[in-house]
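**Student:** below are the sequence and a predicted model for it; my questions follow.
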Amino acid sequence: MSIARSRVVDLMRVQCRIFNTTFNPNRLRIGTKILRQRLRGAALASYYPPRVGTIQQLRKDFPRAVIEDEEEQDRLEHIERLKARGKGAPKKKRTAAGMS
């Protein structure tokens, strides 16, 4: 003796209403499992400690002080030396007319 599908679907609908779950009789992949999970953004952000003492932060905190970033100066000098030897990055195109 088999039970009619309509009775089973009605039972599933009532069950979902009682237990506050999603009614999905066709068993489609709708992503409710992922949407019910807790958000992880805050936990991932709090895993890494905040960066303190960076040059940019010091410049922002003390705008009148002259703070030099030696690593940035070295990088700029390296780029200038490469350009002087002809090994730098190529120039970007300026106009759309020059592209054709």
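**Tutor:** Great, that's in hand.
**Student:** break the chain down into its domains, please.
**Tutor:** Taking automatic domain parsing as the criterion, the chain consists of the domains 5-37, 55-88.
**Student:** adding distance to residue 96, mean neighbour count and mean pLDDT, write those domains out as JSON lines.
**Tutor:** Yep, even glycine has a C-beta here, placed from its N, CA and C like the rest. Listed next are the domains of the chain as JSON lines, based on distance: least, C-beta to C-beta, whole Å; neighbours: other C-beta atoms under 10 Å; pLDDT from 0 to 100:
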{"stretch": "domain 5-37", "distance to residue 96": "42", "mean neighbour count": "10", "mean pLDDT": "91"}
{"stretch": "domain 55-88", "distance to residue 96": "24", "mean neighbour count": "10", "mean pLDDT": "91"}
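**Student:** would you list the ones you listed in a markdown table and tack on distance to residue 47?
**Tutor:** Compiled in a markdown table, the domains of the chain are given as follows (distance: least, C-beta to C-beta, whole Å):
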| stretch | distance to residue 47 |
| --- | --- |
| domain 5-37 | 18 |
| domain 55-88 | 20 |
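**Student:** quick check on the residue nearest the centre of the chain: phi, psi?
**Tutor:** Computing the C-alpha centroid of the chain and ranking residues by C-alpha atoms, centre = their mean puts residue 41 first, at 9.7 Å. Backbone torsions of residue 41, given as degrees, to the nearest 10, read phi -60, psi -50.
**Student:** what is the helix or strand hosting residue 43 packed up against?
**Tutor:** Assigned by DSSP states H and E, residue 43 belongs to helix 41-47. Applying 3 or more C-beta pairs under 8 Å, 6 or more residues apart in numbering; DSSP states H and E, one finds that helix 41-47 makes contact with no other helix or strand.
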